[in-house]
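>>> take a look and give me a structure for this.
(chains A and B)
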Amino acid sequence: MAKRIAYYPGCSCSGMAIEYDQSTRVLCDALGIELVEISDWNCCGSTPAHSYDPLLGAALAGRNLAIAEAQGFDVVMTPCPSCLRGLKNAVKVYEERKQDFLDLLQMPFSGRIRIISVLQLLYEDVGPETIKNRVQYPFTGKAIVPYYGCLLTRPPEFAQFDDPENPVSLDELLRAVGATVPDFAYKTECCGAAYGVTENDIVGKLTGRLLDMARRVGADAVGVACPLCQQNLDLRQSQVNRYWRTKFRMPILYITQVIGYALGIDSERLGTKKLFISPDALLRDICKHFEKVDESHLG
Amino acid sequence: MRIGVFVCRCGTNIANTVDTEAVANKALEYPDVTHATDYMYTCSEPGQQEIQQAIKEHALQGIVVAACSPRMHEATFRRAVEKAGLNRYMFEQANIREHCSWISSDIEANTRKAMDLVRMSVEKLRFNQPLFSSYVPINKRVLVIGGGVAGIQAALDCAEGGLDVVMVERESTIGGKMAKLDKTFPTIDCSSCILGPKMVDVAQNDNIHLYAYSEIDSVSGYIGNFKVGIRKKATYVDWDACTGCGLCTEKCPAKKCYDRFNEGLGTTTAINIPFPQAIPKKACIDADYCRYFTKGKCKVCQKLCPTSAIRFEMEDEIVTEEVGAIVVATGYDLFDDSVYGEYGGGHYPDVISAMQYERLLSAAGPTGGHIRRPSDGKAPKDIVWLSCIGSRDASVGRPYCSGICCMYIAKQATMTRDHLPDCNCYVSYMDIRAPGKNYDEFVRRAQEEYGVQYFRGRVGKIYPKGDRLIVQGADTLLGIQIEIEADLVVLATGIEPSDGARGLAEKLRISYDDYGFYMESHPKLRPVETNTAGVYLSGVCQGPKDIPASVGQGSAAAAKVQALFSRDTIETDPQVANVKEIACIGCGKCIDVCPFGAIQWKTLRDGSQKAQVLETVCQGCGLCNATCPPKAIQLQHCTDDQILAEVNALCG
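Take a look at the predicted model:
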């Protein structure tokens, strides 16, 4: 499948979540999808921009789309659900207030570009079946719970992807790599999002509930597709433990890392070392059954 | 033609913003107008007399009244001119109230517009022709589609009046949804005790012929003379021979069949009688589960049947019935709760629908009337009801209120507190809607005497914790988040039109709304009639209703049928399409566009094909008139010439 699409990494994937960016790039490369980073891309504006001025915020995100359109792309993919929302919002605002939007943008824009998440790319454009056929190291016997967070499928008229309350795309991708996927009732509950910075206890409480539920359904790891969710579950896991007086040590892996690893990509290139809760024991288990595997890269 | 014009002042309704005297004076300048005047209330008795007197004094041949909307008083004035010896179609009404005086306060502009409207009516009237109704005989048999309580009531009331009734029910027994209920609100009557006798009456009434396990295949004809094809689905049992002894159902080895009557709680056998009080009490084989049909051998029932009633070779059969009127009572289905992924309906065994809970409460149900949760058969200690599942929620395409759920929740919770006094009952509600007689008192009793705990707010999520369920939501009155640990969650599913309602509507040529509920002819004044003459509505097929309202509408539909059948013939409306055969080119376009199936082919003696309008079926919509390439088909009283005359009056 040779395919060329525009890639919008966004700020978190160039900083805190660099491993999400790395794993997305190597996985797409392995799947024959060429990601072309939008040249001179800028911040989507995130929450501050649209809280300050909805039109200006939309135009800020829209600039990235206009560049991608000018570069001749009809699809732009971003791993971050918040960026995804920001980019989709740009098209929505453009359709509502075309002239105001274009006056600010000062670039030609058609609004016809398709905006998708990496999850949507993997689920709809690649498909679980294709991934299943290419698996080298299946996660057999390992239980990974899918955690979508609140933004990936909601609000439904925005996301236009999967079921807003009971999504299954991540479940099916995890199943495709051979993992056991327990029923995870909290798959779309909030992790506390940006309150990790200002109201730590809220994240402690909400993320703690997620980890507790994951443990109770027998999870060995959590599969995620959002940098902020990953940060709260992984980076703040010790804070959660302090809040709840628990001893969770639950690896929190990006879906791109899980699939990449199952496809035989070196964990170094997937950036698993960047994770705070090391998934090494889990990953070592996966390839234990495969003699030819070079373990040197597993660290 | 000698035309008289009467301009009504309608008290001040028209006269305040239209100079009626000027309009009347102006009318005298129009062609053929020989008399014109204005009057305070033209529709009043003296007003009508003035018209009748003028007809005699001035030898008038046509009348124009400029007044309110013809929907209001056209019939009144037609009667008045008819009494004075004119044909009732030699009358035109110009609407200078709703279309003119009520819209603007500019007297000059309004007066000008009123003059134009009167002029158009005069010009049209000059082309009017006297029209006459014809009479067709009525076949005094009635078809009732659907054997739920609404259909049963309509059938019994018709039969009581001596009419022949044909009842068609698609399940193997009549009784509908009400037969599945345990008790009924607000009196806690046992549902089957009050419905059962009515079902027996249907079976025993000589005037009612029941086709159970049958569906409507085709409908043709028109009011007074419908021809209906009924598909008798194969039951694989000869019902003339079957005595309903039930031996086959005891011995059938395919025991794990989906139990439709018990809403999938528990199982049934491939050959079954849905419940002990079924009417008719006859066995029926479900071919999807029967071992003979799925695996090719078994035939245990055939070997055992004492009356040799089993017929594996049976096929669907189509019978034709001729009737004069049709009562549609196809009822409803319940919303599929699995649409709400966050509640886990159909996924968690202890999240059930309210109808399933009704079967748990029923003494004839799978648990013998003991409240036991489906997962492990334990008696629940905490039950939560969630209201508005598929009601008042635009996000699932159901913005309307189902109207019955608030009441059945109160009933089920009351019954639960009766059966299991230690069980805590919680109800999450949006608003409590209990506007019927004794309804609000009933809900208050559930809250105050039975201690059912109501909290206002939606539940956001349900998930399992051990063998219990956590119900997570908000109390919007207290402004807090709440979590309830429950053993059982009941989803109060709303009403949607019966599966297949749209297809049937197309066969009957009646219309339905966005959701598939059948459209009544007028939302207030003709709630039982449809826009297809001779087809009446009863029960929930027209819109959500409770049992008393459904029964009331069943009786109302029966009354309409009896009123229709009290005459031997029906007078047809002559404002229908008419084919000028000499101009008809036989293209058949009118047949394609007619929404009522009112046009058919006619073969002339020379073998040529022409369109022919069935006057009794035609509703006078005019689609054929607009479609016809050579304008051979003309809608009487609204011909091309008449419309052009009006347009010329306005623009010429």
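>>> can you pull up the most central residue in the chain?
All of this refers to chain A. Centroid-nearest residue in chain A, with CA atoms, centre = their mean: A:Ala225, separated by 2.6 Å.
>>> the chain in question should be chain B.
Nearest to the geometric centre of chain B sits B:Gln542, at 3.1 Å (CA atoms, centre = their mean).
>>> how about the helices in the stretch 101-250 of chain A?
Counting by DSSP state H, counting those that start in this stretch, the stretch 101-250 of chain A has helices at residues A:118-120, A:128-133, A:156-159, A:169-176, A:195-198, A:200-216, A:227-230, A:237-244.
>>> which strands and helices lie in contact with the third one?
Contacts defined by 3 or more CB pairs under 8 Å, 6 or more residues apart in numbering or on different chains; DSSP states H and E place helix A:156-159 against helix A:81-96. Heads up, the C-betas are built off the backbone N, CA and C, glycines and all.
>>> can you tell me what sits against the helix it packs on?
Helix A:81-96 has contacts (CB atoms under 8 Å, 6 or more residues apart in numbering or on different chains) with A:8, A:10, A:12, A:44-47, A:49-50, A:54-55, A:57-59, A:61-62, A:64-65, A:76, A:78, A:101-102, A:109, A:111, A:113, A:115-117, A:149, A:151-152, A:158, A:225-226, A:228.
>>> can you select the buried ones from these in ChimeraX?
The command below creates a ChimeraX selection of those among the contacts of helix A:81-96 that count as buried (16 or more other CB atoms under 10 Å in any protein chain shown):
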select /A:8,10,12,44,45,46,49,50,55,57,58,59,61,62,64,65,76,78,101,102,109,111,113,115,116,117,149,151,152,225,226,228
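>>> how about the residues of chain B by chain A?
Within reach of chain A by CB under 8 Å from any CB of the partner chain, chain B has these residues: B:Tyr340, B:Gly341, B:Glu342, B:Gly344, B:Ser395, B:Lys461, B:Ile462, B:Tyr463, B:Pro464, B:Lys465.
>>> how about TSV for those, with secondary structure added?
Output for those, formatted as TSV (DSSP: H, G, I helix; E, B strand; the rest coil):
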residue	secondary structure
B:Tyr340	coil
B:Gly341	helix
B:Glu342	helix
B:Gly344	coil
B:Ser395	helix
B:Lys461	strand
B:Ile462	strand
B:Tyr463	strand
B:Pro464	strand
B:Lys465	strand
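>>> give me the number of residues near A:Leu121?
A:Leu121: 22 surrounding residues under other CB atoms under 10 Å in any protein chain shown.
>>> quick check: A:Val181 touching A:Ile144?
Yes. Look at A:Val181 against A:Ile144 with CB atoms under 8 Å: they come within range, at 6.6 Å.
>>> between these two, what contacts are shared?
A:Leu174.
>>> with neighbour numbers in mind, choose between these two.
Counted by other CB under 10 Å, A:Val181 and A:Ile144 do not tie: A:Ile144 has more neighbours, with 28 against 20.
>>> quick check: the more buried one touching A:Thr180?
Yes. A:Ile144 lies in contact with A:Thr180 (CB under 8 Å); the separation is 7.4 Å.
>>> so which helix or strand takes in the closest residue to chain A within the stretch 151-300 of chain B?
For the stretch 151-300 of chain B and chain A, the shortest gap (CB to the nearest CB) falls at B:Gly264, measuring 20.2 Å. Using DSSP states H and E, B:Gly264 sits in no helix or strand.
>>> check contacts around it.
Neighbour list for B:Gly264: B:Tyr258, B:Gln356 [criterion: CB under 8 Å, 6+ apart].
>>> what of B:Ser387?
Applying CB under 8 Å, 6+ apart to B:Ser387 gives the contacts B:Cys405, B:Cys406, B:Ile409, B:Val427, B:Ser428, B:Tyr429, B:Met430, B:Ala492.
>>> before we move on, back to that, was I right about the residue nearest to the centre of chain B contacting B:Thr530?
No. Applying CB under 8 Å, one finds B:Gln542 not in contact with B:Thr530, separated by 9.0 Å.
>>> still on that earlier bit, out of the helices of the stretch 101-250 of chain A, which comes closest to B:Leu478?
With CB to CB, the closest approach to B:Leu478 among the helices of the stretch 101-250 of chain A belongs to helix A:200-216: 19.8 Å.
>>> got a pLDDT number for B:Asp217?
pLDDT, B:Asp217: 96.
>>> contacting residues for it?
Counting by CB under 8 Å, 6+ apart, B:Asp217 touches B:Gly229, B:Ile230, B:Arg231, B:Ile318.
>>> you'd agree it is in a strand?
Yes. According to three-state DSSP, the state of B:Asp217 is that of a strand.
>>> re earlier: can I get the helices of the stretch 101-250 of chain A in a markdown table with mean pLDDT?
What follows is the helices of the stretch 101-250 of chain A, written out as a markdown table (pLDDT from 0 to 100):
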| stretch | mean pLDDT |
| --- | --- |
| helix A:118-120 | 96 |
| helix A:128-133 | 96 |
| helix A:156-159 | 86 |
| helix A:169-176 | 96 |
| helix A:195-198 | 88 |
| helix A:200-216 | 93 |
| helix A:227-230 | 94 |
| helix A:237-244 | 93 |
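>>> B:Gly622 is nearest to which of the ones you listed?
Set against B:Gly622 and scored by CB to CB, the helices of the stretch 101-250 of chain A come closest in helix A:156-159, at 40.5 Å.
>>> who's in contact with that closest one?
Helix A:156-159 is contacted from outside by A:Arg85, A:Lys88, A:Asn89, A:Lys92, A:Leu152, A:Thr153, A:Pro164, B:Ser395, using CB under 8 Å, 6+ apart.
>>> go again using 10 Å as the cut-off
Applying CB atoms under 10 Å, 6 or more residues apart in numbering or on different chains, the set of residues contacting helix A:156-159 from outside is A:81, A:84-85, A:88-89, A:92, A:117, A:120, A:151-153, A:162-165, A:167, B:395.
>>> check which helix or strand covers the residue nearest to B:Leu265 when sequence neighbours are not counted.
Sequence neighbours aside, B:Pro366 is the residue nearest to B:Leu265 in space, at 4.8 Å (criterion: CB to CB, 6 or more residues apart in numbering or on different chains). Here B:Pro366 sits in a region with no helix or strand, counting by DSSP H and E.
>>> neighbours of B:Pro366, how many?
Residue neighbour count, defined by other CB under 10 Å, stands at 21 for B:Pro366.
>>> kindly report the same for B:Glu45.
Neighbour count of B:Glu45, defined by other CB under 10 Å: 9.
>>> what's across from A:Pro146 in the sheet?
Beta bridges link A:Pro146 to A:Gly223, judged by DSSP bridges.
>>> for it, list the residues it contacts.
Counting by CB under 10 Å, 6+ apart, A:Pro146 has contacts A:119, A:167-175, A:179, A:181-182, A:184, A:187-188, A:219, A:222-225, A:255.
>>> same thing but 6 Å
Shown in contact with A:Pro146 (CB atoms under 6 Å, 6 or more residues apart in numbering or on different chains): A:Leu170, A:Asp171, A:Leu174, A:Lys187, A:Gly223.
>>> among the contacts of helix A:156-159, name the buried ones.
Neighbour counting with 16+ other CB under 10 Å marks A:81, A:84-85, A:88-89, A:117, A:120, A:151-153, A:162, A:164-165, A:167 as buried within those.
>>> the residue of the stretch 451-600 of chain B found nearest chain A: neighbour count?
Nearest residue of the stretch 451-600 of chain B to chain A: B:Tyr463, at 2.9 Å (CB to the nearest CB). Close neighbours of B:Tyr463, defined as other CB under 10 Å, add up to 20.
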